[in-house]
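> With the sequence up front, the predicted model follows.
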Amino acid sequence: MGNDAPLACLAKQPRLLYEYFRQLFAQVTNPPIDPIREAIVMSLECYVGPQGNVLEMDPSQCHRLLLHSPVLSLNEFNALKNIQQINNSWTVHTIDITFPREQGVPGYINALDEVCRQASEAIENGDKVLVLSDRNTSADRVPLSALLACGGVHHHLVRNRMRSKIALVIETAEAREVHHLCVLLGYGADAICPYLAMECILKMNREKLIRGDLPDEKIVDNFKHSCDGGILKVMSKMGISTLQSYKGAQIFEALGVDDSVVDKCFTGTATRIKGITLDFIAQDAFALHETGYPSRKIVSIPGLPETGEYHWRDGGESHVNDPVSIANIQDAVRTKNDKSYEAYSLSEYEQIKNCTLRGLLDFDFSSSRPIPIDQVEPWTEIVRRFCTGAMSYGSISMESHSTLAVAMNRLGGKSNTGEGGEDPERSQILENGDTMRSAIKQVASGRFGVTSHYLADSDELQIKMAQGAKPGEGGELPGHKVSQSIARTRHSTPGVGLISPPPHHDIYSIEDLKQLIYDLKCANPRSRVSVKLVSETGVGIVASGVAKAKADHILISGHDGGTGASRWTGIKYAGLPWELGLAETHQTLVLNDLRGRVIVQTDGQLRTGRDVAIACLLGAEEWGFATTPLIAMGCIMMRSSSLKSISWCSPTLTIPYRMPFKHLPCRYRHPGS
């Protein structure tokens, strides 16, 4: 159900610098790539080392080293480090990126300058490979952030016109996730040896904690293969097929990093809300070092502590969806208890303050003029602008899907089919006057269930250009979840897995999108056409193009919304908060005199009336809710959709467990039950 953990710049605990960088992605201006089914054009091979003059044809330019993957195993790294024994001209210089602990915060900043100076010396001495290593980390020596050192050296060499003269290799214990590797590559690393991650895996294998009784070489190969696949997935979001194009491209936005840090180590990277300086980065480094090497004896439970970053844990990081809020909202809707809703609202207000940018904002009542409540638009009209999220039948059960539709139809709002189609019989009016028809019909790359009847029977046709939790990625419904009813709705075969390619990977420009908008308007002239975008830097320009393409409605989705059925790399690190994207979109449309042409909607972990009011002030006219209605309905938040398991509200939950479902306003039951 998306990412409800705090942003790195708002987290209570020290965070690695990588987590302040958000992955950018393709939407409208160029298409993403499917790295699995289009693997023939994807490559992680890259030549490293001195490049020479690219304007000259010289045999010496062929004297470069080919790496089949940027992730080096321990053996591969040792071979590279000792390459001089095979070729005398390839000298390797190692720079220690640790410094004495007693030097404190000033020592951290001085160490960064010293590393850059040593890098220049290495090039002047004719070295071909430069290794930045934190291997000497100990109780007395604190490491620089490998990302800070890598970006600092890379841009130092670029500014001095020396970057093409050397290969930059990072030997670090910090990098352990795919995102960490991607950020290092994006800021100039030619190769990375995440030695601590590999040594941990090898230790686990020695202790028989890994099933399968595999040899060490196979274990490391599996780890490398997983990392390579993750890097390809991140590259493909931007439509990049080769590592050579991705390396040093800086396809990230910094969220909560001060200009002084960006100018020194990440030159050219967008950073809109400022934040941590080198002093704060140094303080975090000392805090993490103290955790690993305590300065005094402490009594603790063996093993690493659970931070609560991925799942809610008592005493860990805050989450928007915490147990207290969930219990209060469920009691409020089941018993119509005003006190429970008030407790829910207060609890969520605290969590929103801990986790989101809008939590840092407050209303300026001192400069406002109160008006009588009877002059305010009544709630019955406001809720008509509420929408539920695009959750397809197949990702949730028929009971859940149709409950949302009935509820929104009663309110006068709109429910969304998602990209899984909808049975035509749901448009029929039931005996009590309700209807399970979804007003918004979504069209995505898979075209699941998209028929002429589907298009004609809609109030709004939504083109999904990107999805909140996984922009630039497609989806998958595993075969064991494709029941007969789901297969019939999606016009597919029961038991056969359904792959949704990256959203509209066939749209290469705004002209292609305009053609699709025109086609949908021809299919249903009465329906308004919506385009779903995800917040990132530059989304305002894209939204202006969408408005000029004659779309009627634009949805700006936040990074924290969308499905959980994605890799953690996408859920945690792709996209930006809707507050930034919505404000940029609204202001850009106003500046270009386009704001009156379109209706703007936003969604992404909206919880209370306060969230709606802030979204309204930033430019939204409609608001979408997804996780909260499901929780209110009684669905259990498992945070495990990235696994191919079955959970409550899943379409393939066994019939005996689904029979007691009582939250549906009508007596409808799944056809298979």
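In hand now; what should we look at? Since the model is a prediction, treat every value here as computed from it, not as a measurement. Numbering: from 1, shown residues only.
> Could you give the average pLDDT over stretch 31-41?
The pLDDT scores in stretch 31-41 average 88.
> Output that stretch as CSV - backbone C-alpha positions only.
In CSV, the C-alpha atoms belonging to stretch 31-41 read as follows (Å, rounded to 0.1, in the frame of the first residue of the first chain):
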residue,chain,number,x,y,z
PRO,A,31,9.1,6.0,-22.6
PRO,A,32,10.3,3.6,-20.0
ILE,A,33,11.7,0.2,-21.0
ASP,A,34,10.7,-3.3,-19.9
PRO,A,35,14.1,-4.6,-18.8
ILE,A,36,13.0,-8.3,-18.8
ARG,A,37,11.1,-8.6,-22.0
GLU,A,38,13.4,-6.1,-23.8
ALA,A,39,16.6,-7.6,-22.3
ILE,A,40,18.2,-7.8,-25.7
VAL,A,41,18.8,-4.0,-25.7
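> Give me the contact list for it.
25-26, 42, 229, 232-233, 235-241, 472-474, 499, 501-508 (Cβ atoms under 8 Å, 6 or more residues apart in numbering). All C-beta spots, glycine's among them, are computed from the backbone N, C-alpha and C.
> would residue 174 count as being in a strand?
No: looking at residue 174 with DSSP: H, G, I helix; E, B strand; the rest coil, it is coil, so not inside a strand.
> Contacts only, for the closest residue to it other than its chain neighbours.
Leaving aside its chain neighbours, residue 174 sits nearest to residue 146 (4.7 Å; criterion: Cβ to Cβ, 6 or more residues apart in numbering). With contact taken as Cβ under 8 Å, 6+ apart, residue 146 is in contact with 97, 132, 134, 170, 172, 174-175, 184.
> Number of residues surrounding the closest residue to residue 60 other than its chain neighbours?
Distances taken as Cβ to Cβ, 6+ apart put residue 52 closest to residue 60, at 6.3 Å, once the chain neighbours are dropped. A count of nearby residues for residue 52, using other Cβ atoms under 10 Å, gives 15.
> Same check on residue 620?
Residue 620 sits with 25 neighbouring residues when counted by other Cβ under 10 Å.
> Of all residues in this structure, which one is nearest the centre?
Computing the C-alpha centroid of the chain and ranking residues by Cα atoms, centre = their mean puts residue 574 first, at 2.7 Å.
> these two touch, right, it and residue 558?
No: using Cβ atoms under 8 Å, residue 574 makes no contact with residue 558, being 11.3 Å away.
> Quick one: the strands in the stretch 451-600 of the chain, in order.
460-464, 475-477, 498-500, 528-534, 553-557, 599-603 (DSSP state E, counting those that start in this stretch).
> want to throw those into a markdown table with mean neighbour count, mean pLDDT and distance to residue 105?
Below are these laid out as a markdown table (neighbours: other Cβ atoms under 10 Å; pLDDT from 0 to 100; distance: least, Cβ to Cβ, whole Å):
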| stretch | mean neighbour count | mean pLDDT | distance to residue 105 |
| --- | --- | --- | --- |
| strand 460-464 | 25 | 93 | 47 |
| strand 475-477 | 22 | 80 | 45 |
| strand 498-500 | 19 | 83 | 49 |
| strand 528-534 | 25 | 94 | 37 |
| strand 553-557 | 28 | 95 | 39 |
| strand 599-603 | 24 | 95 | 40 |
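> who wins for proximity to residue 261 among those strands?
Among these, strand 528-534 comes nearest to residue 261, with 25.8 Å by Cβ to Cβ.
> and this structure, what are its domains?
For the chain, automatic domain parsing gives the domain ranges 17-292, 356-658.
> Contacts for stretch 268-284, please.
Applying Cβ under 8 Å, 6+ apart, the external contacts of stretch 268-284 come out as 9, 14-15, 17, 20-21, 105, 108-109, 112, 145, 148, 250, 252-262, 264, 357, 537, 580.
> Narrow these to those that are buried.
9, 14-15, 17, 20-21, 108-109, 112, 145, 148, 250, 252-258, 261-262, 264, 357, 537, 580 (16 or more other Cβ atoms under 10 Å).
> Out of the residues you listed, which sit inside helices?
Mapping the buried ones among the contacts of stretch 268-284 onto helices (DSSP state H) picks out 108-109, 112, 148, 261-262, 264, 580.
> Identify the residues contacting the residue nearest to the centre of the chain.
By Cβ under 8 Å, 6+ apart, the contact list for residue 574 reads 22-23, 25, 237, 469-472, 559.
> switch to 7 Å and redo it
Contact analysis of residue 574 by Cβ atoms under 7 Å, 6 or more residues apart in numbering lists 22-23, 25, 237, 470-471, 559.
> burial count for residue 12?
12.
> Then residue 208?
Counted with other Cβ under 10 Å, the neighbours of residue 208 add up to 8.
> Could you check the pLDDT of it?
Residue 208 is assigned a predicted lDDT (pLDDT) of 90.
> contacting residues for it?
Listed by Cβ under 7 Å, 6+ apart, the contact set of residue 208 is empty.
> Double-check that it belongs to a strand.
No: counting by three-state DSSP, residue 208 falls outside a strand, being coil.
> and which of the contacts of residue 574 is nearest residue 459?
Within the set of these, residue 471 lies nearest residue 459; the separation is 25.7 Å, counting by Cβ to Cβ.
> I figured that closest one hits residue 25, correct?
Yes: between residue 471 and residue 25 there is a contact at 4.4 Å, judged by Cβ atoms under 7 Å.
> Who has more neighbours out of the two?
For residue 471 versus residue 25, the count of surrounding residues by other Cβ under 10 Å is larger for residue 471: 29 against 24.
> Now do residue 363 against residue 610, distance only.
For residue 363, the distance to residue 610 equals 8 Å [Cβ to Cβ, to the nearest Å].
> So for the two, which sits in the more crowded spot?
A direct count of neighbours by other Cβ under 10 Å for residue 363 and residue 610 places residue 610 higher, at 18 against 10.
> name the element residue 78 belongs to?
Residue 78 belongs to helix 74-81 when assigned by DSSP states H and E.
> ok, and for that helix, which residues are buried?
Judged by neighbour count (16+ other Cβ under 10 Å), helix 74-81 contains these buried residues: 74, 76-77, 80-81.
> can you check stretch 14-33 too?
Judged by neighbour count (16+ other Cβ under 10 Å), stretch 14-33 contains these buried residues: 14-28, 31-33.
> you'd agree residue 418 is up against residue 391?
Yes: using Cβ under 7 Å, residue 418 and residue 391 qualify as a contacting pair, with a distance of 5.0 Å.
> of the two, who's got more company?
residue 418 (29 against 26).
> what's near enough to touch that one?
390-392, 395, 442.
> Apply 8 Å and report the result again.
Contact analysis of residue 418 by Cβ under 8 Å, 6+ apart lists 389-393, 395, 442.
> and the closest residue to it other than its chain neighbours, backbone torsions?
Spatially, and ignoring its direct neighbours in sequence, residue 418 is nearest to residue 392 (2.9 Å; Cβ to Cβ, 6+ apart). Main-chain torsions, residue 392, degrees, to the nearest 10: phi -80, psi 150.
> cool, the one 4 residues further on as well?
The phi and psi values for residue 396, taken as degrees, to the nearest 10, are phi -130, psi 160.
> same check, this time on residue 130
Per-residue torsions, residue 130: phi -120, psi 120 (degrees, to the nearest 10).
> I'd guessed it sits against residue 166; true?
Yes: counting by Cβ under 8 Å, residue 130 does reach residue 166; the two are 5.0 Å apart.
> Name the residues contacting each of those two.
Contacts common to residue 130 and residue 166, judged by Cβ under 8 Å, 6+ apart, are 119, 122-123.
> Distance from the chain centre to stretch 437-452, please.
Relative to the chain's own centre, stretch 437-452 is displaced by 24 Å; criterion: Cα atoms, centre = their mean, to the nearest Å.
> Tell me the buried residues in it?
For stretch 437-452, burial by neighbour count (16+ other Cβ under 10 Å) applies to 437-446, 448-450.
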